[in-house]
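Undergrad: Could you look at this predicted model? Sequence included:
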Amino acid sequence: MENYIKGIYKRSIFKGDNGFIIGIFKIEDTNDDDVANYLNKTITFTGTFAELNEDDKYIFYGEAVEHIKYGFQYNVKNYERIKPEDKDSIIEFLSSDLFKGIGKKLATKIVETLGDNTLDRILEEENCLYLVPTITEKKIKVIVDTLNKYEESHKTIVYLTEIGFSLKDALAIYNKFKSNTIYKIEQNIYSILDTDLDISFLKIDEINKRLTNETSIERIKACIYYVMNTISYQNKDTYLYFDEIKKNVISYLNLDIEENDFINYIDELRYEGKVVEENDKYYVKELYDAELNIVEKIKYLNSKQVDDIKNIDKLIEELQNTNNIIYNEEQIDAIKKSLTNNITIITGGPGTGKTTIIKAIVDLYIKINKLKEKEIDERIALLAPTGRASKRMSESTNLKASTIHRFLKWNKETNAFSINEYNKDLSNLIIVDEVSM
């Protein structure tokens with residue numbers, strides 16, 4: 001049997017946007033020896049929850065942990081809400097803030113009329129509330145709606161975890177679909193992939209296979225989209241050909257699909273705005289749009305006036321003498337274009353001197369613009385996809401460098417960037433290394 005603590009949720013210390021809660025819990029019962037000393041005392045707990053109502057009773061399943069900073073805590077893996085069972089508890093429950101406008105007097109009258117199993121009777125047949133003297137239609141609606149909502153969230157979370165979703169994912173799915181959750185899952189579990197929820201096709205497909213042995217059209221279409229994304233990112237391609245998509249989908253599903261049927265599935269994805277077909281090439285719509293956006297941005301930058309730097313050849317010659325280095329013609333050309341054009345893409349294999357000319361570009365930019373030391377970090381941004389690559393840039397230039405994500409102030413929780421088109425950075429020279437990564 002799983003370890004548990006049973007008791008009363010008192011209050012929260014911290015609530016995150018994703019349902020994560022740190023709170024206080026009073027233990028009334030437990031089968032966990034590590035917690036036995038805390039009976040009738042309060043402890044701190046952590047976990048992910050659909051909702052918790054203060055002073056309600058719960059069973060938390062999990063384990064006791066000793067946090068290096070915060071001390072003794074109970075790490076909750078799963079939980080159940082305990083419905084009030086005795087008359088006094090039911091009266092207290094119905095007259096709580098959860099049921100707006102239902103005072104203790106009316107709650108007592110309801111329990112006296114319907115008995116110990118009041119809550120179950122209401123859930124099974126709401127018309128039984130009409131037996132309560134003087135109760136109004138409006139208050140019956142408040143009680144029924146609140147009780148159904150109270151039950152629904154818990155039952156739905158239990159259903160989702162039982163079919164294989166983690167508690168965190170179950171909470172995210174319920175918060176997205178609410179009362180339609182079970183209907184959505186039963187009609188088309190792959191519709192989850194059309195939301196902003198971070199749940200993979202592989203996870204959903206694994207759960208779907210437990211629920212049914214049949215391969216639906218929705219599963220095939222979801223697999224096509226998954227395969228297109230996967231191959232594109234693995235091969236660093238923005239488009240794919242029909243045959244490679246079909247071959248990989250058939251391999252994954254272990255299913256023979258007629259050519260005309262497969263064409264129809266891709267056409268449906270096109271009509272849904274998920275796939276683009278152009279000149280017998282197939283794109284994931286997001287990658288297609290990203291590629292067009294990049295092209296438009298480059299065209300815009302190239303259309304702007306370029307800088308004219310006087311004596312640039314002399315400045316490069318002076319830099320060579322200062323650094324005791326001789327740049328070849330290709331390197332000199334790259335340095336010049338980087339400082340005069342609005343955008344320059346420099347390519348070359350390992351050992352061709354790309355890192356060397358980054359330092360030259362930076363040194364010349366500082367000299368040309370006569371930057372003081374405190375202005376350098378404000379005007380120049382050296383970026384790379386990884387920490388290792390940014391460290392290498394910093395070492396070669398003796399300036400600060402950063403990962404792209406850190407520079408754009410990426411929020412992992414919301415997957416959003418604080419630096420964006422509406423909140424631009426003020427750097428004038430931006431160099432991004434290892435772009436091919």
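TA: Happy to help now that I have it. Numbers count the residues shown, from 1 in each chain.
Undergrad: hey, let's count contacts and neighbours off CA atoms from now on
TA: Will do.
Undergrad: Confirm that Val65 sits in a helix.
TA: No: looking at Val65 with DSSP: H, G, I helix; E, B strand; the rest coil, it is strand, so not inside a helix.
Undergrad: from what I can see it touches Phe72, true?
TA: Yes: the pair Val65 / Phe72 is scored as a contact, 5.9 Å apart, by CA atoms under 8 Å.
Undergrad: low-confidence ranges in this protein?
TA: Across the chain, nothing is flagged by pLDDT under 70.
Undergrad: helices and strands around the helix of greatest length in it, which ones?
TA: Longest helix in the chain, counting residues (DSSP state H): helix 137-163. Here helix 137-163 touches helix 118-124, helix 167-177, helix 201-211, going by 3 or more CA pairs under 8 Å, 6 or more residues apart in numbering; DSSP states H and E.
Undergrad: What are the buried residues along it?
TA: For helix 137-163, the neighbour count (16 or more other CA atoms under 10 Å) marks 139-140, 142-144, 146-147, 153-154, 156-158, 160-161 as buried.
Undergrad: now do stretch 424-434
TA: 429, 431-433.
Undergrad: Need the residues that contact that stretch.
TA: 358, 378-385, 389-390, 393, 419 (CA atoms under 8 Å, 6 or more residues apart in numbering).
Undergrad: Any chance of the residues you listed in JSON lines with secondary structure and distance to Glu28 as columns?
TA: Formatted as JSON lines, the contacts of stretch 424-434 follow (DSSP: H, G, I helix; E, B strand; the rest coil; distance: CA to CA, whole Å):
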{"residue": "Ile358", "secondary structure": "helix", "distance to Glu28": "66"}
{"residue": "Glu378", "secondary structure": "helix", "distance to Glu28": "58"}
{"residue": "Arg379", "secondary structure": "helix", "distance to Glu28": "61"}
{"residue": "Ile380", "secondary structure": "strand", "distance to Glu28": "61"}
{"residue": "Ala381", "secondary structure": "strand", "distance to Glu28": "58"}
{"residue": "Leu382", "secondary structure": "strand", "distance to Glu28": "57"}
{"residue": "Leu383", "secondary structure": "strand", "distance to Glu28": "55"}
{"residue": "Ala384", "secondary structure": "strand", "distance to Glu28": "54"}
{"residue": "Pro385", "secondary structure": "coil", "distance to Glu28": "52"}
{"residue": "Ala389", "secondary structure": "helix", "distance to Glu28": "54"}
{"residue": "Ser390", "secondary structure": "helix", "distance to Glu28": "54"}
{"residue": "Met393", "secondary structure": "helix", "distance to Glu28": "59"}
{"residue": "Ile419", "secondary structure": "coil", "distance to Glu28": "49"}
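Undergrad: quick check, nearest of these to Ile217?
TA: Pro385 (38.2 Å; CA to CA).
Undergrad: contacting residues around the closest one?
TA: So Pro385 contacts 403-405, 433-435, 437 (CA under 8 Å, 6+ apart).
Undergrad: same thing but at 6 Å, please
TA: By CA atoms under 6 Å, 6 or more residues apart in numbering, Pro385 lies in contact with 403-404.
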